[in-house]
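1. could you work out the structure for the sequence below:
(one chain, ligands or ions: 2)
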Amino acid sequence: MRSNFTMPDNLKHLIDKLNDTRQLTKDEWIRLITGRTSDLAEYLFSLAREERHRHYGHDVYIRGLIEFTNYCRNDCLYCGIRKSNSHARRYRLSEEDILSCCKAGYELGFRTFVLQGGEDAYYTDEKIVCLIRRIKERYPDCAITLSIGEKTFDSYQKFFDAGADRYLLRHETYNAEHYSRLHPPSLTAAHRQECLWNLKEIGYQAGTGFMVGSPYQTPEHLAEDMLFIKKLNPQMVGIGPFISHHDTPFADQESGTLELTLFMLGLLRLMLPKVLLPATTALGTIHPRGRELGILAGANVVMPNLSPTDVRKDYLLYDNKICTGDEAAECRKCLEERMESIGYHVVTARGDSLNIESIQNIAQ
Ligand code: SAM
Ligand code: FES
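-> Numbers count the residues shown, from 1 in each chain. Ligands and ions are numbered 1, 2, ... in the order given. Predicted structure coming up:
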């Protein structure tokens, strides 16, 4: 934590302004992020919790994460499963494997399945559509979230028509120049953002987000991220610290901090009070109580892993990832206990976003 235990009046005033108006100017975001202190953070978290309790009470939604392929055609510089990492042991789950993860998850009380993977051409649109249909046939009361990267408008539309409800696609960083330092030239910030607008237009509950403390990130970049998120008005925002992976070009870069990630979570809750905000596995990786602290800063979702244990260690986006050895049931129980220990309760519910003004369709 920072050693500065003060709460400058001008910055407290900015938090009050954010709480009243739900927005700040770029310059105000920069000042707030740059000048933050631990006292200011405590004040922010108390307001963030008030908003969270007003809309979502003490409920914590759980999402069953199924990491179904670690093949990827992309080469994001920070990512452990980038295509150039020849040390990654590649795997794909079959449709039957994925369905058995859903079965186990359903029995444990999960009502959202998140299908996440690298951008893997093996899973054609037809295969994804078929998978979505089969999951929906068996579990009509569950939501399906996709997190499979950048696709065409038509592909997104097909998945939506087949029954996908939500889509997670972090914009990673809004600033084009910063984006180009984290990605190969084939990937652009503009295209990533265009995908998000397309997802919203189709009617998905859309999720964006960014890494905190990614290499070369400045408070100005974070300010631009906040302005973009405000404009996009997504239903979900996933943020977590950047953590280095030993087999990437960023192996020697410093990881993001718990302190700044928590501060950004609090700010996001105040800016978009009804947003679904996960306390991510990356947060739990950099601190033993990272996820609990994330909930106390304003988050309201956790995403335990439902992937089969024999492939967990191969979906390694960053070093020292937690929960790679535990069975789904153990992860579920562990998180339930962690949440109870801070006065929150894991619930069995789809957990749709209450920020639905900007969505055309929401399955009941
Ligand atoms: N391929 C999909 C996509 O592009 O959205 C989903 C998988 S991708 C690995 C999911 C997220 O992991 C990314 O959006 C990125 O923010 C995060 N991630 C990747 N490498 C990371 C790292 N080293 N530290 C923290 N987060 C990381
Ligand atoms: Fe594709 Fe990370 S580079 S998932």
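2. the stretch of helix or strand D27 belongs to - what's its average pLDDT?
-> With elements delineated by DSSP states H and E, D27 resides in helix 26-35, which encompasses its position. Averaging pLDDT along helix 26-35 gives 98.
3. can you give me the end-to-end span of stretch 174-190?
-> With C-alpha to C-alpha, to the nearest Å as the measure, the ends of stretch 174-190 fall 8 Å from one another.
4. kindly report the same for stretch 250-266.
-> 28 Å.
5. same check on stretch 54-71?
-> End-to-end distance for stretch 54-71, by C-alpha to C-alpha: 41 Å.
6. pull out the buried residues from that stretch.
-> Residues 56, 59-71 are the ones in stretch 54-71 that count as buried (16 or more other C-beta atoms under 10 Å). C-beta here means a position set from N, CA and C on the backbone, and glycine is covered the same way.
7. now swap in stretch 237-255 and tell me
-> Neighbour-count burial for stretch 237-255 flags 237-245, 248, 250, 253, 255 (criterion: 16+ other C-beta under 10 Å).
8. which two of those have the greatest separation?
-> Across the buried residues of stretch 237-255, the two members that end up farthest from each other (C-beta to C-beta) are V237 and T248, 24.4 Å apart.
9. from the buried residues of stretch 237-255, which ones fall inside strands?
-> Secondary structure of these is defined by DSSP state E; positions in strands are 237-241.
10. what does the stretch 101-250 of the chain put close to ligand 1?
-> Within the stretch 101-250 of the chain, the positions adjacent to ligand 1 are 116, 118-119, 147-149, 169-170, 172, 211, 240, 242-243, 245 by C-beta under 6 Å from any ligand atom.
11. make it 5 Å
-> Neighbours of ligand 1 within the stretch 101-250 of the chain, by C-beta under 5 Å from any ligand atom: 147, 149, 170, 211, 242-243.
12. what does the stretch 251-364 of the chain give?
-> With C-beta under 5 Å from any ligand atom as the criterion, the stretch 251-364 of the chain comes near ligand 1 at residues 282, 317-318.
13. and those near ligand 2, which?
-> Filtered for proximity to ligand 2 (C-beta under 5 Å from any ligand atom), those leave an empty set.
14. top of the residues you listed by neighbour count?
-> A282 (25 neighbours; other C-beta atoms under 10 Å).
15. that older thread, which two in the residues of the stretch 101-250 of the chain next to ligand 1 are spaced the farthest apart?
-> Within these, two members stand farthest from each other by C-beta to C-beta: G149 and I243, at 19.9 Å.
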